[in-house]
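>>> here is the input, now give the coordinates:
(chains A and B)
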Protein chains: 2
Amino acid sequence: MPDRKSSFIYENPAVEQAAETIKTAISGRKMLIIAGNCWVDYRGRASSTLNPGERVLIIKEDGSVLVHRTKGYEPVNWQPPGCIFHTSWKNNVVLIKAIRRRPHETLAVYFDRIYLLAVLGLVDKGEFSLYASEEDMQKAILLQPSIVEEGLKLIVYEKKVEPGFIDVYAADKNGKLVVIEIKRKTAGKDAALQLAKYVDSLRKTVTRDVRGILVAPQIAKGVQKILTTLGLEFKQLDPRRCAEIVKEKETKKLIDFY
Amino acid sequence: MPDRKSSFIYENPAVEQAAETIKTAISGRKMLIIAGNCWVDYRGRASSTLNPGERVLIIKEDGSVLVHRTKGYEPVNWQPPGCIFHTSWKNNVVLIKAIRRRPHETLAVYFDRIYLLAVLGLVDKGEFSLYASEEDMQKAILLQPSIVEEGLKLIVYEKKVEPGFIDVYAADKNGKLVVIEIKRKTAGKDAALQLAKYVDSLRKTVTRDVRGILVAPQIAKGVQKILTTLGLEFKQLDPRRCAEIVKEKETKKLIDFY
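Next up is the predicted model:
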């Protein structure tokens, strides 16, 4: 069991005490959760202001930052890992500045009332596993063909050719036809040969150049050599990323709809 | 000042007490923050498991859910607003199930130790304003042309034509040329006429069909009629969404790079 003494919870701390606690927590790489009345300024590529209201600020041990309102699954402001922090206080207001160097961005969060200040020393080594289906991977490619290749343009999915069905049938930016075979696990020799069959079958019926791309999280030993010999290609694609793309796009579509 | 009595903080609550508090908080549409040792199962389009470790669970008043680990700005598991919750406890473990109907998804979070349970009655009416530049909007279209139109393919940006520079020059899915003029604020008559000049200039030099699209958050009264008369189109695009696209894509690129 982890050492629970590394976590501290403060209710309604005074501003000076809060500022000192926040400084110590950040330099000690603790996770910080602050709930209270705040306003936020962001200056970087774009710029934004968030007027006063009660929200939750989360600072993680890797220097990433999230500002969450009472609604919505997305943070209203956020910064990726690697921020540098400056905490100060004046006139009963705590200012936490999160700064990134490249690109230069500054997120400034001002609190005039803090209801909860939690300094959490959490230990997390648990593994995350995501299982996405080949259908998810196919759907992600249809929704966002650029995850396979910039400029890829979908023609049709599940195209019938002599030996079976092509997962995704597309054209590349130079107008060459592209046959995509998807595997959700390590792709072996079988997958390479299946793709070769589809490509060969198609080459007999069309006059344009035909490329074959095997899309999978990884390929088995020796399969790259087979692909090269057959004039085929491999594109590494993470099923987890595919599942996230499908979920994000469908959620946004649903939210845009309302 | 809001009624602070609507927030409650519990340190190291017993499992039964935590389960009852969570039930009441969710039915009372409070924001819930739980830090403790947990494991997570997700079944839906894809499926995932997260092995035991110490994390933070956030349930918002609109029924959205986030599970945050100690690192990274993205949640490891999340659900959009509208979840239905079932909370129960057995053998010293609290189970919080967040269920969505369409698509059918279940996120199950099991806690065997809770260090912090915060029930927050936050009031947030502050306005959020984001200022993105025309350059951001242009960059977002270059990174993800589909935000203007499915199948749009970039040819070049800042193309020089007789009257000036075209913001984005592209081809649509039918091979027609597309001239895009971007405005970050309400587009007026001037913007429509500027676009018309570019389109006319181009039509003199190419044999393919040329479309002109005015991209802006909104157009002024009467401008749609002018566009229609000139054979031009309007596409509504939110500068905020553009800034988010640019930030997300650049962050992902940076993270993929490491």
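
>>> can you list the residues of the stretch 101-250 of chain A near chain B?
For the stretch 101-250 of chain A, the residues in contact with chain B (CB under 8 Å from any CB of the partner chain) are A:103, A:115-116, A:118, A:120, A:122-133, A:136, A:144, A:146, A:151, A:153, A:173, A:239-240, A:243, A:246-247, A:250. C-beta: built from backbone N, CA, C; applies to glycine.

>>> what subset of the residues you listed is buried?
A:115-116, A:118, A:120, A:122, A:124, A:126, A:130-133, A:136, A:144, A:239-240, A:243, A:246-247 (16 or more other CB atoms under 10 Å in any protein chain shown).

>>> can you pull out the helices in chain A?
A:15-27, A:134-143, A:189-203, A:223-230, A:239-257 (DSSP state H).

>>> for those, which one ends up most surrounded?
helix A:134-143 (a mean of 21; mean count of other CB atoms under 10 Å in any protein chain shown).

>>> C-alpha coordinates for that one, CSV please?
Only the C-alpha atoms of helix A:134-143 are listed here, as CSV (Å, rounded to 0.1, in the frame of the first residue of the first chain):
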residue,chain,number,x,y,z
GLU,A,134,-11.0,-4.4,-37.5
GLU,A,135,-14.3,-2.7,-38.2
ASP,A,136,-13.3,0.2,-36.0
MET,A,137,-10.0,0.5,-37.9
GLN,A,138,-11.8,0.4,-41.2
LYS,A,139,-14.3,3.1,-39.9
ALA,A,140,-11.5,5.3,-38.7
ILE,A,141,-9.8,5.1,-42.1
LEU,A,142,-13.1,6.0,-43.8
LEU,A,143,-13.6,9.0,-41.4
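
>>> run through the neighbouring helices and strands of it.
Using 3 or more CB pairs under 8 Å, 6 or more residues apart in numbering or on different chains; DSSP states H and E as the contact test, the elements touching helix A:134-143 are strand A:153-161, strand A:164-171, strand A:177-182, helix A:239-257.

>>> turn the ones you listed into a markdown table, including mean pLDDT.
As requested, the helices and strands packed on helix A:134-143 are arranged in a markdown table below (pLDDT from 0 to 100):
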| stretch | mean pLDDT |
| --- | --- |
| strand A:153-161 | 81 |
| strand A:164-171 | 90 |
| strand A:177-182 | 95 |
| helix A:239-257 | 74 |
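
>>> distance to residue A:194 for these - can I get that in TSV?
Formatted as TSV, these follow (distance: least, CB to CB, whole Å):
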stretch	distance to residue A:194
strand A:153-161	11
strand A:164-171	8
strand A:177-182	6
helix A:239-257	19
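
>>> with respect to residue A:111, which of those lies nearest?
Closest to residue A:111 of the helices and strands packed on helix A:134-143, according to CB to CB: helix A:239-257, at 29.3 Å.

>>> count the neighbours of residue A:237 for me.
By the measure other CB atoms under 10 Å in any protein chain shown, the count of residues near residue A:237 is 23.

>>> which residue, other than its chain neighbours, is closest to it?
residue A:215 (5.0 Å; CB to CB, 6 or more residues apart in numbering or on different chains).

>>> that neighbour: what's it in contact with?
A:137, A:141, A:148, A:180, A:181, A:182, A:183, A:235, A:237 (CB atoms under 8 Å, 6 or more residues apart in numbering or on different chains).

>>> re earlier: which of the helices of chain A comes out lowest on mean pLDDT?
Across the helices of chain A, helix A:239-257 has the smallest mean pLDDT, namely a mean of 74.

>>> point me to the residue of the stretch 151-258 of chain A nearest chain B.
Residue nearest to chain B within the stretch 151-258 of chain A: residue A:243 (3.8 Å; CB to the nearest CB).

>>> gap between that residue and residue B:44?
With the distance defined as CB to CB, to the nearest Å, residue A:243 ends up 9 Å from residue B:44.

>>> what of residue A:103?
35 Å.

>>> likewise for residue A:178?
30 Å.

>>> between those two, which is the more surrounded one?
Neighbours were counted for residue A:178 and for residue B:44 using other CB under 10 Å; residue A:178 has more, 24 against 16.

>>> contacts only, for that one.
Residues near residue A:178 by CB under 8 Å, 6+ apart: A:149, A:152, A:168, A:169, A:170, A:171, A:172, A:210, A:211, A:212, A:213.

>>> next, count neighbours for the fifth one.
So that's residue A:170. 24.

>>> for it, give the beta-bridge partners.
As for beta bridges, residue A:170 partners with residue A:154, residue A:178 under DSSP bridges.

>>> go on, the last one?
With DSSP bridges applied, the residues forming beta bridges to residue A:213 are residue A:180, residue A:233.

>>> that one: neighbouring residues, count only.
As a burial measure, residue A:213 scores 23 neighbours (other CB under 10 Å).

>>> what's around residue A:235, how many residues?
Other residues close to residue A:235 by other CB under 10 Å number 14.

>>> again but with residue A:206, I slipped
9.

>>> ok, it touching residue A:179?
No. Applying CB atoms under 8 Å as the test, residue A:206 and residue A:179 come out as separate, 10.7 Å apart.

>>> tally of neighbours for the residue lying closest to residue A:177 once chain neighbours are set aside?
Closest residue in space to residue A:177, ignoring its immediate chain neighbours: residue A:210 at 4.6 Å, by CB to CB, 6+ apart. Residue A:210 has 20 neighbours, counted by other CB under 10 Å.

>>> can you report phi and psi for residue A:12?
Torsion angles at residue A:12 (phi, psi; degrees, to the nearest 10) stand at phi 50, psi 50.

>>> make TSV out of the helices of chain A and add distance to residue B:74.
Shown next, in TSV, are these (distance: least, CB to CB, whole Å):
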stretch	distance to residue B:74
helix A:15-27	20
helix A:134-143	17
helix A:189-203	30
helix A:223-230	31
helix A:239-257	9
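
>>> closest to residue B:81 out of those?
Across the helices of chain A, closest to residue B:81 is helix A:239-257 (CB to CB), at 8.3 Å.

>>> now do residue A:37 against chain B, distance only.
8 Å (CB to the nearest CB, to the nearest Å).

>>> that residue contacts residue A:51, correct?
No. With contacts counted by CB under 8 Å, residue A:37 stays clear of residue A:51, the gap being 11.0 Å.

>>> more neighbours, these two?
Using other CB under 10 Å as the criterion, residue A:37 and residue A:51 rank with residue A:37 on top: 20 against 12.

>>> in the sheet, who's paired with the more buried one?
With DSSP bridges as the rule, residue A:37 is bridged to residue A:54, residue A:113.
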